[in-house]
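okay, here's the prediction I keep looking at, along with the sequence it came from:
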Amino acid sequence: MKTIDRISGRSLRKRKFEFRQQYLEKKHIKWKHAEWKHAFAPVQRRVLLKHMLKCLSLGILSSLAAALVLSALSFLFPFEYLIHACLSAVLCAIVIGLVAGWYKRPSVYETARIVDRLGLQEKVLTACELDERDDIMAELQRKDAIESLSALDVKRIPLRLPKSHGIAFMLLLLSLVIVNLIPNPMGRIVRERKALRAEIHQQLEELEKAWEKVLEQESLAHEQRQQLALLMKELAERLKQTGEYKEALKEISKAEEELTALADKVREESIGQLAERLGTLEETGALARALHDRNMADLDDELNNLKEQLENAADNKELAERLKDILEKAAESTPDGEIKDKLAAASGSLGNGRVSEALGQLGQAMSQAVNAGSAMGDARYALQQMRSGIAQAAGEIQYAHNPSSQSGSGEGRGNGEGQGAGQGQGQGSGSGQGAAAGRGDSGQAGSGVGSGTAGEGSGQSSAGTSGGRNGSSQMGDENAETVYEQIYAPERLGDGGEATHVSGRPTGEGQVISETGGKGIGDLSGYIPYKEVYQEYRNEAMRSMDRRTLPPAIQEIVRKYFETLE
Amino acid sequence: MAMDVKDFSKTVARIQEEIGKEIIGLKDIIDHVLTALIAGGNVLLEGVPGLGKTRLVKTLARVLDLDFNRIQFTPDLMPSDIIGTNILVKDEKGSSTFRFQAGPVFSNLVLADEINRATPKTQSALLEAMQEHTVTVAGVTSNLPQPYFVLATQNPLEQEGTYPLPEAQLDRFMFKLLLNLPSLEELHQIVDLTTGGEQQRAEKAADASVILELRQTAMQVPIAKPVQDYALRLIMNTHPQLESSPEVTKRLVRYGSSPRGAQAIIQASRVRALMAGRYNVSFEDIRNTAFPALRHRVFLNYQALSEGKSPDDVIREIIEATEE
């Protein structure tokens, strides 16, 4: 019995559902009778307008709620684009509200019910249902409904929103204002990120300019240009996505490593071709090994030996002939344009019996082969500049947004002493690579900074030292001097500082000095007020200029730089 | 061709006006009686003696120009006293033959006064007449005149010497109307009207053909499916055994209305719609007719009686629980 009753109940609900569905699903009916269509259309429009306004109101309320939630979450997580997110949420919620409102717009049945509730006592509903009928009673009923609709003031369907919407709107708006008035601890992080991003963007632009100049160098093969361009593109994309300065620095370091690997590869290819050819002759075997080892001193010696052999040996003509063939073939297989020309010229000189000239040209070719990939050095230098710029900007940004958390001024000075071994060999071209470690008497780190001179044929390495901050330093002291700007001191990074490599660009003249120094022993975050280290850096720079061969014009630039910092 | 709604309203208004000349107050009762009459249903009037039940029927018969018979139900009343019987008569030649002597039910308007004073057997004699509008005696079925309308009165059941009407009998009544005591003002008017020298007399306002025409017109009044669905769900909600029924039904109702209840509501609502000047049935019509159409069809259990709930109370709650 109970089962039967339940079935009856279900069938009743199902019937009700099917029955209502027939009406509810019809949003629009193509009316048979035009007079009914014209009478019904105004109230239908009014009901639709009311419905859409309600949906719009709900959309606005939802958007305010979403903005409130986002604002509250911004206290927990740094939202860089909070305003944009809030505005997007508002727009999305409103659009969704309107779209959903249109999709869920009142059906003909619902519209008829709304209008009938205004005292029409189901006249509209019945007329809608009887639209297909043409009998007398249906006509009379339709006429009655049309008369009632004509007499109805559509303004009786109120467009005003429910009071609850107004209350909810005020509450949400008030909450939103209050939440936005409360100081947000994440705001500083967001501002730092934005500033850093702007700095990265600016640095990227400068890097691109520098890189373009590198790409214009004729010594670069087409394939190398492509690889460099790709590297630059990938770096730019990665940097644009990062919001942390440490991540940015890591990306730059990574790009630098890739660049170094590329330069090594280029150099290896250039040397390998020539060394292989020269190794086929007994008389040039030692020269080939020196070239392979990139030992410029041995290269000079072996070139002199070869010169003697060519000038003094009885069968020098035969040797010259064989050497000429080898250089000719090497010129054909060498990818680098300048080396190719030099080798071809050397081959030609040998053919004409100009031994000294030929060996000079060979020496230049070998020197160029050893220094192949120097364009990469320029690119790497640009990267280093960028890294320094970003790091310095990061320090300044942090200080600017949170000055009270900086340490007080340090007192006292430490003496730094650079330790570094350098070696160089002049052969008409120059490259510099230097890093030096310094250690102050306070145990602070020293840094190595290398610089290569461009076009002067000399390499310069300045060993940086850091005098210790062997004075008192008070963290968070209110009376502490806090006007110092922050400076990036890589030796103070947690990973023990970093080595800086700078290559000079070969010009065919001058000296080559190469130095390699260890990393600093830093343990700080890498940012300190620059005045604490300024004097040490200045002294070290001056000493380095005294020790190294550096053109006066460049020395003047360095001096002026430090003067501007005072 | 259907009668225009204005003509319909005018005719009914005239009838109401004429009845109102002799019957003071009881406007709702008159409206419901007219509704049932036009819809083709019978009415059970319940009230204490002296409230004007008989006078109402007499006035109605006069205003509508219909044949009228009154049957006073008593405990010793036999069915044949109502429907008639075959009597032995001698013709001109002197031979005896049976001839059917029609009872008082053979009339357009039958007043079954104090119907619950007769035994159930006698009460049941009216069943065929009320439902089929025919009478069968000795295997011969006779049609009753049209329009046919039974208006029964009964005293409240708790009075002594009454027999409750069986459910089947009750179901034949379209409406059960409750007569309440008149107000003081109405009582003044009644006394003035009946004891004064000058009495207004109701005149004929319609006749049988007009009533039939009104009925035909009412039958054609359209009812929207959602409105009809609402009426039917109302009926379904009176059944306590259905899972979908409201809580009040499950708690207080012993058993609910038969389908005749739905028919009564729909038919009566059509008439009411026309009387209100509409060509369509509204939800309000359904709700208004639900009380007189269901109060004798919804049987309450002991819990309802112990809580002092009347059928109207329960119907009101069922209406409130039924979604339009």
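Received it, and whenever you're ready, just let me know what you need. Residues are numbered from 1 along each chain as shown, chains lettered A, B, ... in the order given.

what residues does the stretch 401-550 of chain A put near chain B?
Residues of the stretch 401-550 of chain A lying near chain B by C-beta under 8 Å from any C-beta of the partner chain: none. In this view, the C-beta of every residue, glycine as well, is placed from N, C-alpha and C.

center of chain B - which residue?
B:V43 (1.2 Å; C-alpha atoms, centre = their mean).

quickly find the element holding residue 251.
Looking at chain A here, since you left the chain open. Using DSSP states H and E, the element containing A:E251 is helix A:245-278.

that's the other chain; I wanted chain B
Using DSSP H and E, B:R251 falls within helix B:247-252.

flag every buried residue along that helix.
Residues B:248-249, B:251-252 are the ones in helix B:247-252 that count as buried (16 or more other C-beta atoms under 10 Å in any protein chain shown).

closest to A:K143 out of those?
The nearest member of the buried residues of helix B:247-252 to A:K143, counting by C-beta to C-beta, is B:T249 at 40.3 Å.

wait, what's in contact with that closest one?
B:237-240, B:256, B:314, B:318 (C-beta atoms under 8 Å, 6 or more residues apart in numbering or on different chains).

for chain A, give me the ranges with low pLDDT.
By pLDDT under 70, the low-scoring segments of chain A are A:1-25, A:218-219, A:243, A:313-315, A:335-337, A:371-375, A:396-528, A:546-550.

the domain parsing of it - what is it?
A:22-181, A:189-370, A:414-565 (automatic domain parsing).

redo those as JSON lines? Include mean neighbour count and distance to B:D7.
Listed next are the domains of chain A as JSON lines, based on neighbours: other C-beta atoms under 10 Å in any protein chain shown; distance: least, C-beta to C-beta, whole Å:
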{"stretch": "domain A:22-181", "mean neighbour count": "17", "distance to B:D7": "12"}
{"stretch": "domain A:189-370", "mean neighbour count": "18", "distance to B:D7": "81"}
{"stretch": "domain A:414-565", "mean neighbour count": "20", "distance to B:D7": "100"}
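
out of these, which is closest to B:K121?
Comparing the domains of chain A by C-beta to C-beta, domain A:22-181 comes nearest, at 44.0 Å.

now stretch B:103-123: buried residues?
B:103-118, B:122-123.

which ones among these are found in helices?
B:122-123 (DSSP state H).

helices or strands up against the helix holding A:E251?
Applying 3 or more C-beta pairs under 8 Å, 6 or more residues apart in numbering or on different chains; DSSP states H and E, one finds that helix A:245-278 contacts helix A:186-215, helix A:222-241, helix A:285-293, helix A:316-333, helix A:337-351, helix A:355-370, helix A:374-401.

could you list every helix and strand that the first one packs against?
Counting contacts by 3+ C-beta pairs under 8 Å, 6+ apart, helix A:186-215 is packed against helix A:222-241, helix A:245-278, helix A:374-401.

switch to 7 Å and redo it
helix A:222-241, helix A:374-401 (3 or more C-beta pairs under 7 Å, 6 or more residues apart in numbering or on different chains; DSSP states H and E).

could you do the fifth one as well?
Counting contacts by 3+ C-beta pairs under 7 Å, 6+ apart, the secondary-structure elements packed against helix A:337-351 are helix A:316-333, helix A:355-370.

mind putting these in JSON lines, distance to chain B included?
Shown next, in JSON lines, are the helices and strands packed on helix A:337-351 (distance: least, C-beta to the nearest C-beta, whole Å):
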{"stretch": "helix A:316-333", "distance to chain B": "93"}
{"stretch": "helix A:355-370", "distance to chain B": "94"}
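
in TSV, list the ones you listed along with distance to A:C128.
Below are the helices and strands packed on helix A:337-351 laid out as TSV (distance: least, C-beta to C-beta, whole Å):
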stretch	distance to A:C128
helix A:316-333	91
helix A:355-370	93
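
and of the ones you listed, who's closest to B:A205?
helix A:316-333 (127.7 Å).

verify the stated contact: the residue nearest to the centre of chain B with B:A36.
Yes. Counting by C-beta atoms under 7 Å, B:V43 touches B:A36, with 4.7 Å between them.

now the common contact residues for the two.
Taking C-beta atoms under 7 Å, 6 or more residues apart in numbering or on different chains as the contact rule, B:V43 and B:A36 both touch B:174-175.

if I look at A:G285, how far off is chain B?
105 Å (C-beta to the nearest C-beta, to the nearest Å).

so who does that residue touch?
A:G279.

and for A:A168?
Residues counted as contacts of A:A168 (C-beta under 7 Å, 6+ apart) are A:L61.

helices of the stretch 51-200 of chain A, start to end?
Secondary structure of the stretch 51-200 of chain A, counting by DSSP state H, counting those that start in this stretch: helices at A:82-103, A:108-115, A:123-129, A:136-151, A:163-181, A:186-215.

nearest to B:L214, of the ones you listed?
Comparing these by C-beta to C-beta, helix A:136-151 comes nearest, at 14.1 Å.
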